[in-house]
Structure formats: structure tokens, C-alpha cells
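Undergrad: sequence plus predicted model, see below.
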Amino acid sequence: MAGRSPARFLAPLALVAVAVALILVVSKSGDTESTAQPTGVTRTADGSATPAAGKKQRKRRVRKMYTVKPGDTPSGIAEKTGVPLSQILELNPDLDDQTLTVGDKLKLRP
């Protein structure tokens, strides 16, 4: 037993130490993502978010029309735009997914 190297015992210990450190780092990095807040947002006492002072909130542009692109389908358009498929079909009664051509204009909002 006198000829055995100490590295034989230290290598498994080092492997366990690295594994524990990796687990700690990964578990801590998941916590910071949930507490991070976007730039330009302040938290009030009740926990709601408001724009920071001096920052203007931009209005999101709501599109009323959509121009069909190659490979588009009615359900794909609904998913891209966030408009329910039933609303698209209601506003465009002549819409047929078999005859949908590139460049067609579809109503998204009334």
C-alpha cells in the first residue's frame, strides 16, 4: 500500500467538488432571472410595475390589415398576429386557405 499515489484519492474528491459547485451555480442563476426587471420599469409598494420617471411608454401599433406572404396559412397568420382565427375568418368571409395568394390583404380588426 506504500506505493499508491495520493492523487488516486484526491481525484474523486475533486470531481465531487466540481459537481457540487456546478449545481450551486446553476441553481443560483435560475433565481436571478425571475427577479430581474426590465430597464425603465419601477416597482411600486404593492408590487405593480410602472414606467420609470421620464420614460415615455410607446403605444403598440395595432395592425388592421395583413399582407399574405409565401407559405402563410390562416392559422399561421392568426398565430403571428395574435388575432383569433375565428375573428380573421369572420372579417374575411371570402377567405379560403386553398386560394390564399401572396399579396392578398386580410382584415385583422374591425
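TA: The structure has been received and is ready for your questions.
Undergrad: hey, let's count contacts and neighbours off CA atoms from now on
TA: Will do.
Undergrad: which residue ranges of the protein form helices?
TA: 7-35, 74-81, 85-91 (DSSP state H).
Undergrad: and of those helices, who's closest to residue 102?
TA: helix 74-81 (12.4 Å; CA to CA).
Undergrad: tell me where the model's unsure across this protein.
TA: Applying pLDDT under 70 to the chain flags residues 1-2, 30-61.
Undergrad: try 90
TA: Low-confidence segments of the chain (pLDDT under 90): 1-14, 18, 21-22, 24-64, 74, 93-101, 109-110.
Undergrad: please tell me how far the residue lying closest to residue 88 once chain neighbours are set aside sits from residue 98.
TA: In space, and not counting its chain neighbours, residue 88 is closest to residue 108: 5.8 Å by CA to CA, 6 or more residues apart in numbering. As judged by CA to CA, to the nearest Å, residue 108 and residue 98 stand 19 Å apart.
Undergrad: what about those two, which has more around it?
TA: Remark: of residue 108 and residue 98, residue 108 carries more neighbours, 23 against 7, as counted by other CA atoms under 10 Å.
Undergrad: could I get the buried residue list for stretch 86-103?
TA: Buried positions in stretch 86-103, judged by neighbour count with 16 or more other CA atoms under 10 Å: 88, 89, 100, 101.
Undergrad: give me the contact list for it.
TA: Contacts to stretch 86-103, defined as CA atoms under 8 Å, 6 or more residues apart in numbering, come from residues 67, 68, 69, 70, 73, 74, 78, 106, 107, 108, 109, 110.
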